[in-house]
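> build me a model from this:
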Amino acid sequence: MTGDADKVVTSTGVAPPAIILASPQLGENIGTAARAMANFGVTDLRLVTPRDGWPNERAGAASAGASHVIDNAQVFDTLDDAIADLNFVIATTRRGRDITKRVEGPADGLAELCQVAAAGNATGILFGREKWGLENDEVARANIIVTFPVDPAFASLNIAQSVLLMSYEWRRAVHGVAPSPPPQHPPATREDIAGLWEHLVAMLKPKGYFRPENLADKLSRNLRLVLSDANWDRQQVRTMRGVLAHLDRTTPAGTGKRDAAAKREASKPKLPPED
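Now for the predicted structure:
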């Protein structure tokens with residue numbers, strides 16, 4: 001589903017980021033987040049499996065008139081679907097993470113996002129659940145983490161507060177950025193990166209890479225972190241997947257049966273199209 005929100009640009013010619021809420025619970029929280037977005041001209045709201053369904057009357061009431069945000073909100077079954085078209089994603093979190101990913105403050109993080117958007121690339125900011133925020137696997141899909149410099153003695157922020165702070169910081173940062181020519185090779189989308197990750201997992205799993213079993217999830221997440229953090233362009237991803245496909249075809253099969261190799265080839269994720 002695509003609304004008019006994705007066509008909006010500022011007076012600087014830089015498109016605002018999408019705001020992605022992962023499994024939000026209360027309609028009131030979605031509505032107040034939409035109100036915060038509208039205050040600063042951010043209109044692309046994406047909801048991943050909202051607990052109470054959508055549309056939600058309480059969200060509309062709590063938005064205090066931000067109907068253009070609420071009415072154009074998009075709903076997705078998975079986070080991967082919600083961020084598939086984005087080239088740069090910030091994950092917001094206040095908790096320490098047992099993962100390796102660059103962490104920035106709001107000013108630096110939004111300045112970087114604006115620079116990416118100024119070249120015509122799609123960006124987004126990811127927010128977690130009311131009770132426990134984002135899962136590590138969800139954070140792994142982002143390019144960077146942004147953490148607010150809150151008082152450690154009382155660090156809790158609700159969704160609307162977090163959205164308000166990030167939307168304000170975006171509005172402040174975007175006025176210092178001028179549109180720039182698009183790069184020769186467009187940056188990879190999150191869908192491109194997910195496809196590369198799935199391709200590697202499909203090759204490595206039969207060879208016993210994800211062992212012992214109790215560490216399989218962590219090893220898989222670490223692989224995704226490495227891929228998400230790199231500044232791939234679409235052609236680089238395609239080249240790497242071509243290399244992987246070649247290696248898989250030319251590596252001797254353990255059983256030597258061609259039908260097994262053919263089945264593996266058929267089950268692999270498809271290569272992204274040429275630019």
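> now do the contacts for the residue nearest to residue 225 when sequence neighbours are not counted.
The shortest distance from residue 225 to any non-neighbouring residue, by CB to CB, 6 or more residues apart in numbering, is to residue 140 (5.0 Å). (Glycine included, C-beta is placed from N, CA and C.) If you count contacts by CB atoms under 8 Å, 6 or more residues apart in numbering, residue 140 has them with 99, 101, 221, 224, 225, 228.
> host element of the last one?
Translated: residue 228. Following DSSP states H and E, one finds residue 228 within helix 216-229.
> what's that helix packed up against?
Other helices and strands packing on helix 216-229, by 3 or more CB pairs under 8 Å, 6 or more residues apart in numbering; DSSP states H and E, are helix 136-139, helix 190-204.
> state the mean pLDDT of the last one.
Yep, that's helix 190-204 we're talking about. Averaging pLDDT along helix 190-204 gives 94.
> in it, which residues are buried?
Neighbour-count burial for helix 190-204 flags 190, 191, 192, 193, 194, 195, 196, 197, 199, 200, 201, 203 (criterion: 16 or more other CB atoms under 10 Å).
> hmm, back to that, pick the one among the contacts of residue 140 closest to residue 251.
residue 224 (23.0 Å; CB to CB).
> check contacts around the closest one.
137, 140, 141, 197.
> what's the answer for residue 200, then?
Neighbour list for residue 200: 223, 227, 244 [criterion: CB under 8 Å, 6+ apart].
> I'd like to know how far the first one sits from residue 113.
Distance check for residue 223 against residue 113: by CB to CB, to the nearest Å, it reads 25 Å.
> so for the two, which sits in the more crowded spot?
residue 113 (30 against 18; other CB atoms under 10 Å).
> returning to that earlier point: make JSON lines out of the contacts of residue 224 and add distance to residue 47.
Converted to JSON lines, those look like this (distance: CB to CB, whole Å):
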{"residue": "137", "distance to residue 47": "19"}
{"residue": "140", "distance to residue 47": "21"}
{"residue": "141", "distance to residue 47": "16"}
{"residue": "197", "distance to residue 47": "24"}
